[in-house]
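# Based on what follows, work out the 3D shape:
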Amino acid sequence: MVYPQIEYRGAAHPDRLEAEASGSTRELDSRISDGIRVRLLWHSGDGHVSVAVEDSKTGDLFDVRVGDDDRALDVFHHPYGYAARRRHGTGGSFPTAAAAAVAA
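The predicted structure follows:
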């Protein structure tokens, strides 16, 4: 069936598609359990991988960078353990969250 009154003018959301194509962060996996959202992210700009965690009950956000000696899926499945290990090793607090990555 032909619709002569319809004219194709490109993608419905060109800004969104362009941002996804040229974006520097890509979500590789995600999961939600008991209000905790965990996302495995690849940052194409510098090639590193991180895990972003957002707890909707407490509002806590943090980001754990996957180290060269770490296995990304282990960090993804156990982000609190890796965050605690990093915090204990540096004496500081949890790593700062990448709010833009968590919100995306």
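# how close does residue 67 get to residue 35?
Plainly put, residue 67 is 27 Å away from residue 35 if you go by Cβ to Cβ, to the nearest Å. (C-beta placed from N, C-alpha, C; glycine too.)
# Name the residue in the two with the higher neighbour count.
When neighbours are counted by other Cβ atoms under 10 Å, residue 67 and residue 35 differ, and residue 67 comes out ahead with 13 against 10.
# Double-check that the more buried one belongs to a helix.
No - Residue 67 is assigned coil when assessed by DSSP: H, G, I helix; E, B strand; the rest coil, not a helix.
# Over to residue 60: give its phi and psi.
Backbone torsions of residue 60, given as degrees, to the nearest 10, read phi -70, psi 140.
# ditto for the one 4 residues further on
For residue 64, the backbone dihedrals (degrees, to the nearest 10) come out as phi -120, psi 120.
# So in terms of bridging, what pairs with it?
Using DSSP bridges, the beta-bridge partners of residue 64 come out as residue 51.
# Just the helices from this structure, written as ranges.
Using DSSP state H, the helices found in the chain span residues 14-22, 72-77, 79-90, 99-103.
# For the second one, give the mean pLDDT please.
Right, helix 72-77. For helix 72-77, mean pLDDT is 96.
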